[in-house]
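In: Build me a model from this:
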Amino acid sequence: MKTYDVYGIGNALVDTEYAVDDHFLAAAKLPKGMMTLIEESDRNRLIHLLEEEHEHEVVKQAGGGSAANTMVAIAQFGGKAFYSCKVASDETGDFFMADLKEAGVHTNLDDGREAGVTGKCISMVTPDAERTMTTHLGITRDLSVRELNPDALANSTYLYIEGYLVSSPSSFEAAKQAQDLARLSGGIVSLTLSDPSMVENFKSSFDEFASRGVDIVFCNEDEAMLWSGAKSRDDAMANLKSLCHRVVMTCGKEGALVHDGLETTMVPGVPTRAVDTTGAGDMFAGAFLYAVSAGQSYTEAAAFANRAASLLVSNFGARLTLDVVKSQLLTER
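Out: Have a look, this model is predicted:
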């Protein structure tokens with residue numbers, strides 16, 4: 001039996017969240033609903049614009065990063081997760097490391113951290129619950145094969161690759177090596193496309209992942225259509241099935257379209273009042289991977305993941321508390 005259910009690799013970030021309106025996004029010249037990579041000087045100007053000029057206050061600050069959110073969800077549900085990442089030996093890095101330890105996620109961070117600046121993400125949520133993000137990668141831009149733990153990876157049932165890693169050459173190489181190591185040890189390789197901007201700007205990198213072998217791709221319908229070049233959800237699914245063995249496509253409030261290698265099924269969403277969509281895809285992937293690791297079918301796993309994502313978006317922030325998970329999700333199963 002494998003030691004870990006899922007081994008994740010991704011950008012380690014600390015999230016700061018603000019409630020804004022469309023007018024602010026226009027004033028800041030930010031594309032709504034997208035993730036934009038920025039430098040530290042740009043981040044400082046944005047914080048000034050948010051807090052000094054427009055008097056927005058921080059709604060929530062927490063450990064983040066897409067794959068980290070997914071690993072935390074898996075651990076909260078009772079699964080075993082390992083996360084490879086890179087944070088600096090600064091106060092923000094201390095916070096991130098302690099946050100993962102408290103969640104029960106094992107990491108490579110006990111092996112030591114370098115001097116530098118830990119990555120940070122500003123998430124701005126509009127009244128329609130859409131999130132717009134800016135990310136200063138900091139030291140996580142230098143994530144490399146040195147942050148991999150081959151023993152933990154060989155002892156994991158699933159590998160989960162965060163698509164944001166394609167923006168850094170060293171991170172992309174680390175993700176590809178992790179992909180190769182997983183395949184050598186009989187692991188199941190899963191990949192999330194992460195964000196439409198990543199697919200638009202790094203399509204060839206995702207093509208390379210697929211050519212090396214991807215067993216499961218996680219995406220939303222916009223990302224699926226961008227990668228496949230299709231004009232509809234169904235055509236995108238047909239195209240993705242030719243690239244990856246199995247496909248899990250989230251479709252907002254409608255639910256999720258999943259292909260388990262044999263059958264394609266639309267699994268209805270769970271009605272909710274959304275206030276913040278930050279981390280919805282991360283939570284969905286964590287709940288889905290936990291459920292399939294526990295022996296559930298793709299349809300059953302997607303139904304559980306829909307419930308988890310629905311609960312998440314009804315609250316601010318990219319993660320749920322363990323108490324909420326236990327009282328409102330695990331008691332339903």
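In: residue boundaries of the strands in the stretch 1-150 of the chain?
Out: Counting by DSSP state E, counting those that start in this stretch, the stretch 1-150 of the chain has these strands, from start to end: 4-9, 13-19, 35-37, 58-64, 81-84, 106-107, 119-125, 131-136.
In: tell me what the last one is packed against?
Out: Under the contact criterion of 3 or more CB pairs under 8 Å, 6 or more residues apart in numbering; DSSP states H and E, strand 131-136 touches strand 35-37, helix 40-48, strand 119-125. Every C-beta, even on glycine, is put in place using the N, C-alpha and C of the backbone.
In: got the contact list for the last one?
Out: I take that to be strand 119-125. With CB atoms under 8 Å, 6 or more residues apart in numbering as the test, strand 119-125 has contacts from 11-20, 24-25, 30, 43, 46-47, 50, 59, 64-65, 87, 92, 131-141, 275-278, 316, 318.
In: among the strands of the stretch 1-150 of the chain, which is nearest Gln179?
Out: strand 4-9 (9.4 Å; CB to CB).
In: How about the secondary structure of Thr299?
Out: helix (DSSP: H, G, I helix; E, B strand; the rest coil).
In: Now do the same for the closest residue in space to it that isn't next to it in sequence: helix, strand or coil?
Out: Spatially, and ignoring its direct neighbours in sequence, Thr299 is nearest to Thr265 (5.2 Å; CB to CB, 6 or more residues apart in numbering). The assignment at Thr265 comes out as strand when based on three-state DSSP.
In: Burial check on Thr265, number of neighbours?
Out: 14 (other CB atoms under 10 Å).
In: Now do the contacts for it.
Out: Residues near Thr265 by CB under 8 Å, 6+ apart: Leu257, Val258, His259, Tyr298, Thr299, Ala302.
In: out of these, which are buried?
Out: Buried members of the contacts of Thr265, scored by 16 or more other CB atoms under 10 Å, are Leu257, Val258, His259, Tyr298, Ala302.
In: remind me which residues of the chain are low pLDDT?
Out: Counting by pLDDT under 70, the chain contains low-confidence ranges at 332-333.
In: check contacts around the residue nearest in space to the middle of it.
Out: Here the mean C-alpha position of the chain is nearest to the C-alpha of Ser66 (CA atoms, centre = their mean), at a distance of 2.7 Å. When contacts are counted by CB under 8 Å, 6+ apart, Ser66 is found next to Gly10, Asn11, Glu162, Gly163, Tyr164, Thr192, Ser194, Gly279, Gly281, Asp282.
In: List the beta-bridge partners for the third one.
Out: Listed beta-bridge partners, Glu162: Thr192 (assigned using DSSP bridges).
In: Pull up the gap between it and Asp235, please.
Out: Glu162 is 26 Å from Asp235, where distance means CB to CB, to the nearest Å.
In: swap in Glu57?
Out: 44 Å.
In: Of the two, which one has the most company?
Out: Using other CB under 10 Å, the more surrounded residue of Glu57 and Asp235 is Asp235, with 14 against 8.
In: At which residues are the helices of the protein located?
Out: Assigned by DSSP state H, the chain shows helices spanning 22-28, 40-48, 66-77, 91-103, 150-154, 169-184, 196-201, 203-212, 221-228, 233-243, 280-293, 298-313, 322-328.
In: re the thing from before, quick one, which of the helices and strands packed on strand 131-136 is packed in tightest?
Out: Greatest average neighbour count among the helices and strands packed on strand 131-136 goes to strand 119-125 (a mean of 24), per mean count of other CB atoms under 10 Å.
In: partner strands of that one, parallel or antiparallel?
Out: Strand 119-125 pairs in its sheet with strand 13-19 (parallel), strand 131-136 (antiparallel), by DSSP bridges.
In: Tell me the gap between that strand and the middle of its chain.
Out: Between the centre of strand 119-125 and the centre of its chain there are 14 Å (CA atoms, centre = their mean, to the nearest Å).
In: between it and helix 91-103, what angle do the directions make?
Out: Here strand 119-125 points in a direction 80 degrees away from that of helix 91-103 (axes from the mean of the first three to the mean of the last three CA atoms, to 10 degrees).
In: got the CA positions of strand 119-125 in PDB?
Out: Coordinates of each C-alpha in strand 119-125 appear next as PDB, following Å, rounded to 0.1, in the frame of the first residue of the first chain:
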ATOM      1  CA  GLY A 119       5.300  34.300  -2.900                       C
ATOM      2  CA  LYS A 120       2.100  36.200  -2.300                       C
ATOM      3  CA  CYS A 121      -1.200  36.500  -4.100                       C
ATOM      4  CA  ILE A 122      -3.800  39.300  -3.900                       C
ATOM      5  CA  SER A 123      -7.300  38.000  -4.600                       C
ATOM      6  CA  MET A 124     -10.000  40.600  -5.400                       C
ATOM      7  CA  VAL A 125     -13.600  39.400  -5.200                       C
END
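In: Report the beta-bridge partners for the residue lying closest to Gly269 once chain neighbours are set aside.
Out: Nearest in space to Gly269, with sequence neighbours left out and distances taken as CB to CB, 6+ apart, is Gly255 at 3.7 Å. Beta bridges link Gly255 to Pro268 when assigned by DSSP bridges.
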